[in-house]
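A.B. asks: Dropping a prediction and its sequence here:
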Amino acid sequence: MMIRKFLVLAGATALSACTYLGSSMAAEKAVKLPPPAVDIPAASQSGRETAVFAGGCFWGVQAVFQHTSGVLNAVSGYAGGDKQTANYQAIGSGRTGHAESVQVTYDPRVVSYGKLLQIYFSVAHDPTQLNRQGPDHGTQYRSAVFYKDANQKQVTESYIAQLDAAKAYPAKIVTQLTPLAAFYPAEGYHQDYATLNPHSPYIAAFDLPKIANLKAVLPEVFRDKPVLVSAQGKG
């Protein structure tokens with residue numbers, strides 16, 4: 001059974017489902033993947049597009065995309081459930097339908113939706129783990145892409161099929177593909193968490209390696225200075 005601990009986060013006490021400490025588990029390794037064979041042409045999009053990804057604790061997923069060139073903002077939050085239960089204490093039950101998610105706002109002229117998928121599957125999380133990531137267990141930690149339109153759905157379906165056919169992983173991809181009904185930003189103390197708490201044992205063990213993997217595996221999209229929610233007056 002997963003042990004959960006109360007932490008004081010930015011002055012707020014919260015039951016953290018992303019803070020299992022003392023685990024001997026190592027962070028997942030990056031998988032070097034080919035880019036999607038199918039992508040959305042930049043010319044067919046506006047200068048600002050959004051994508052929503054779920055892949056375990058949102059602290060690390062947010063940090064990866066904050067270090068991605070072309071990303072304008074990356075906000076931790078909740079998707080898959082109702083507005084009434086879009087809060088950290090409620091989703092910890094695993095019964096709200098929500099997944100800890102990150103809404104990525106990006107410039108498709110700099111980074112494509114397909115490239116974001118490549119990052120998501122390669123370094124942001126392990127898409128073969130069902131309802132868990134590393135030490136975190138529950139449906140709120142499921143792997144899921146919340147698509148906003150038919151183009152995102154098609155590109156994601158095609159890429160998953162491409163990776164499975166190539167046997168890119170030792171196990172089958174279990175990522176859910178779900179239409180996005182709504183995205184709800186998480187509480188302010190969850191925003192920019194990896195950047196603000198680099199010495200947290202959880203961040204050091206499970207999230208800083210993701211950032212290092214992004215730099216090593218996809219150096220062409222890595223940005224050293226993260227784009228932060230706090231710098232944009234959000235969260």
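C.D. replies: Perfect, I can see it now.

A.B. asks: Output the longest helix belonging to this structure.
C.D. replies: helix 150-165 (DSSP state H).

A.B. asks: List the buried residues in that one.
C.D. replies: 151, 152, 155, 156, 158, 159, 160, 162, 163 (16 or more other Cβ atoms under 10 Å). Where you see a C-beta, it was placed from the backbone N, CA and C, and this is true even at glycine.

A.B. asks: okay, it in PDB with CA atoms only?
C.D. replies: Only the C-alpha atoms of helix 150-165 are listed here, as PDB (Å, rounded to 0.1, in the frame of the first residue of the first chain):
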ATOM      1  CA  ALA A 150     -10.100  15.500 -34.600                       C
ATOM      2  CA  ASN A 151      -6.600  16.400 -35.700                       C
ATOM      3  CA  GLN A 152      -5.100  15.800 -32.200                       C
ATOM      4  CA  LYS A 153      -7.000  12.500 -32.000                       C
ATOM      5  CA  GLN A 154      -5.800  11.300 -35.400                       C
ATOM      6  CA  VAL A 155      -2.200  12.200 -34.700                       C
ATOM      7  CA  THR A 156      -2.200  10.600 -31.300                       C
ATOM      8  CA  GLU A 157      -3.900   7.400 -32.500                       C
ATOM      9  CA  SER A 158      -1.400   7.200 -35.400                       C
ATOM     10  CA  TYR A 159       1.600   7.700 -33.200                       C
ATOM     11  CA  ILE A 160       0.500   5.100 -30.600                       C
ATOM     12  CA  ALA A 161       0.000   2.600 -33.400                       C
ATOM     13  CA  GLN A 162       3.400   3.500 -34.900                       C
ATOM     14  CA  LEU A 163       5.200   3.000 -31.600                       C
ATOM     15  CA  ASP A 164       3.400  -0.300 -30.800                       C
ATOM     16  CA  ALA A 165       4.100  -1.600 -34.300                       C
END
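
A.B. asks: And that helix, how far out from the chain middle?
C.D. replies: Relative to the chain's own centre, helix 150-165 is displaced by 17 Å; criterion: Cα atoms, centre = their mean, to the nearest Å.

A.B. asks: List phi and psi for the residue nearest the centre of the chain.
C.D. replies: Nearest to the mean C-alpha position of the chain, by Cα atoms, centre = their mean, lies residue 61 at 3.2 Å. Dihedral pair for residue 61: phi -60, psi -40, per degrees, to the nearest 10.

A.B. asks: Great, nothing more from me.
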